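**Student:** Sequence and predicted structure, then a few things I'm wondering about:
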Amino acid sequence: MFRFTIVSVTLLLALHSLPCAVAQQADLRAVFSAPVGIERASPVASLPVQIEAGKLKLDAAVNEKPGRFVFDTGSPTILSSTFAADLGLEIVGQNTGKDANGVPVSMDVAVVDSMMLGDATFRNVPVLIFDFAGLPLADCFIGDGVIGSEIFPGSAWRINTEAGEIQIAASASDLGLSEETSGAPLYDFGYPHAPIIDYSIGAMQDKALFDTGSGKVFSLFTKAMQSPEVKAATVSGSVRKGSGSEGVSAGGQGAVTDLVTLQLQSLQIAGVSLQDVPAQSRLAPPSLLGAGVLSSHIVTLDYPGKRLLLEPRSAPVTTQSSGNYAIMYGDEGAEVTQLYEKSEADRAGLRLGDRVTYVNGRALSVPDDEQQCATARWLVDEFDATQPATLVIDRQGREIFIELTGATD
């Protein structure tokens, strides 16, 4: 569910969990429960997908209007209010659900006639509409909105970032995958049809959401992280504790909470044993298998076969390890939003909430939107908080210089 250092917008809106005021809108229930039509110009539709600022981005056409979208398996489709206004969509109701930080958020609901990905066209798709302008730097990362999971049923989706493509077919066999290949059971609990799977750590078995909106490999719901099986599977000395916000969602920046990161010896998903898995805590359920797994595996969401398949990439990519602190843009500029205890950054005097004005001589306070977008993307794509860095902090009007060597703790 759209979680990254700069901005997060995902809503996981299952109808059974909506407030009573929304559940009473019988017509809206019908909109969400109506099947989405699928038209295939070829057995396999292929479309390019790129990783930009930690997000999967693709081009799609909605009611024949082209746009650039985030591809988020943990979210319903959300169009920006500007894009929706250009389409002249008719609003059929309003939906209220909780964002990734548990904050209630209301969005208008419409139905688009067509959504075209590659040469696959989806018909009568319910969409949410949201004004992203209220989120810091949303235009830099989100584009025209989010393509989400309500279009998944009826197709097998092969997400291959090694080849830079997503393939969509009527069945896994059309993708060249055997119908006999075992995988994790894939559960569909209704709108927005987000992919829920089984995972296990030792003897502990639980369910997780496959969520490309999360850039991490695995995020463990706090209660699951506290289980004896997880503790037994944790690499000795790998636990780090800190505090900060888990990110910004549609309802704004999440509250400061306890943070934990660790290394799991192994994690079992879809008949595959993932080794030395970096994991982090997550305050709200469910646990998340994030887009980080795409650095080592190709993921197929086989909705007709009700399974998730993992195939190893021919050339795995080493994922960047988490630093001892995190910097995120907010309304007042760039600030320290996460800090881990007894780390070098902590000992050097960095504090949660510090406003960061320079990183390695690069100004984070810049005069125009274009420069700010470029700087924000640089923070996500290139800045490595595990490496040596010189930070200039504005702490209540006092300038403070902090030198970090990148030493591990």
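**Tutor:** Structure's in. What do you need? Residues are numbered from 1 along each chain as shown.
**Student:** check which helix or strand covers Gly349.
**Tutor:** For Gly349, there is no host helix or strand (DSSP states H and E).
**Student:** wait, what's in contact with it?
**Tutor:** Ile400, Ile402 (C-beta atoms under 8 Å, 6 or more residues apart in numbering). Every C-beta, even on glycine, is put in place using the N, C-alpha and C of the backbone.
**Student:** Also Gly305?
**Tutor:** Ala156, Ser171, Ala172, Glu179, Gly183, Leu186.
**Student:** now for the helix or strand Thr357 falls within, which elements pack on it?
**Tutor:** Secondary structure from DSSP H and E places Thr357 in strand 355-359. Where contact means 3 or more C-beta pairs under 8 Å, 6 or more residues apart in numbering; DSSP states H and E, strand 355-359 is packed against strand 333-340, strand 389-395.
**Student:** which one of those strands has the lowest average pLDDT?
**Tutor:** Lowest mean pLDDT of the helices and strands packed on strand 355-359: strand 333-340, a mean of 92.
**Student:** buried set for the following helix or strand past it?
**Tutor:** Under the assignment DSSP H and E, the closest C-terminal helix or strand after strand 333-340 is helix 344-347. Buried residues in helix 344-347, defined by neighbour count with 16 or more other C-beta atoms under 10 Å: Glu344, Ala345, Asp346.
**Student:** Surely the last one touches Asn324?
**Tutor:** Yes. With contact defined as C-beta atoms under 8 Å, Asp346 reaches Asn324; the gap is 7.0 Å.
**Student:** residues shared between the contacts of the two?
**Tutor:** With C-beta under 8 Å, 6+ apart as the test, Asp346 and Asn324 both reach Leu339, Tyr340.
**Student:** residues contacting Ile402?
**Tutor:** Per C-beta under 8 Å, 6+ apart, neighbours of Ile402: Ala345, Ala348, Gly349, Leu350, Thr390, Leu391, Val392, Ile393.
**Student:** so what's the fourth one scoring on pLDDT?
**Tutor:** The reference is to Leu350. 96.
**Student:** Could you report the distance from it to Leu391?
**Tutor:** Between Leu350 and Leu391 the distance is 7 Å, computed by C-beta to C-beta, to the nearest Å.
**Student:** same thing with the second one?
**Tutor:** Relative to Leu391, Ala348 is positioned 9 Å away (criterion: C-beta to C-beta).
**Student:** When those two are compared, which one has more neighbours?
**Tutor:** Leu391 (22 against 15; other C-beta atoms under 10 Å).
**Student:** where's that one relative to Val256, distance?
**Tutor:** Taking C-beta to C-beta, one finds Leu391 at 20 Å from Val256.
**Student:** Check Gly330 too.
**Tutor:** Taking C-beta to C-beta as the measure, Gly330 falls 13 Å from Val256.
**Student:** And the two? Which one has more around it.
**Tutor:** Gly330 (19 against 14).
**Student:** Surely that one and Ser245 touch.
**Tutor:** No. Using C-beta under 8 Å, Gly330 is not in contact with Ser245, being 9.4 Å away.
**Student:** Which secondary structure element is home to Phe83?
**Tutor:** helix 81-87.
**Student:** Which strands and helices lie in contact with that helix?
**Tutor:** strand 65-71, strand 104-117, strand 120-130.
**Student:** Pull up the pairing partners for the shortest one, direction included.
**Tutor:** Spelled out, that is strand 65-71. strand 55-62 (antiparallel), strand 145-147 (parallel) (DSSP bridges).
**Student:** Would you mind saying which of those lies nearest Thr212?
**Tutor:** Thr212 lies closest to strand 55-62 among the strands paired with strand 65-71, at 5.2 Å (C-beta to C-beta).
**Student:** Pull the distance from stretch 184-194 to the chain's centre.
**Tutor:** Its chain's average C-alpha position is 17 Å from that of stretch 184-194, according to C-alpha atoms, centre = their mean, to the nearest Å.
**Student:** Okay, domains of this structure per the record?
**Tutor:** 15-169, 177-293+301-311, 325-404 (automatic domain parsing).
**Student:** how about the ones you listed, which one is nearest Thr318?
**Tutor:** domain 177-293+301-311 (11.0 Å).
**Student:** could you give me the average pLDDT of the closest one?
**Tutor:** pLDDT averaged over domain 177-293+301-311 gives 91.
**Student:** Buried deepest among the helices and strands packed on helix 81-87, which one?
**Tutor:** Comparing the helices and strands packed on helix 81-87 by mean neighbour count (mean count of other C-beta atoms under 10 Å), strand 120-130 comes out on top with a mean of 22.
**Student:** pull the CA atoms of that strand into CSV?
**Tutor:** C-alpha atoms of strand 120-130 as CSV (Å, rounded to 0.1, in the frame of the first residue of the first chain):
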residue,chain,number,x,y,z
ALA,A,120,-6.0,-5.2,-22.9
THR,A,121,-9.1,-3.1,-22.2
PHE,A,122,-11.0,-3.2,-19.0
ARG,A,123,-14.6,-1.9,-19.1
ASN,A,124,-16.8,-0.3,-16.5
VAL,A,125,-14.1,0.1,-13.9
PRO,A,126,-15.0,1.8,-10.5
VAL,A,127,-12.5,4.4,-9.6
LEU,A,128,-11.9,6.7,-6.6
ILE,A,129,-11.1,10.4,-7.1
PHE,A,130,-8.7,12.3,-4.9
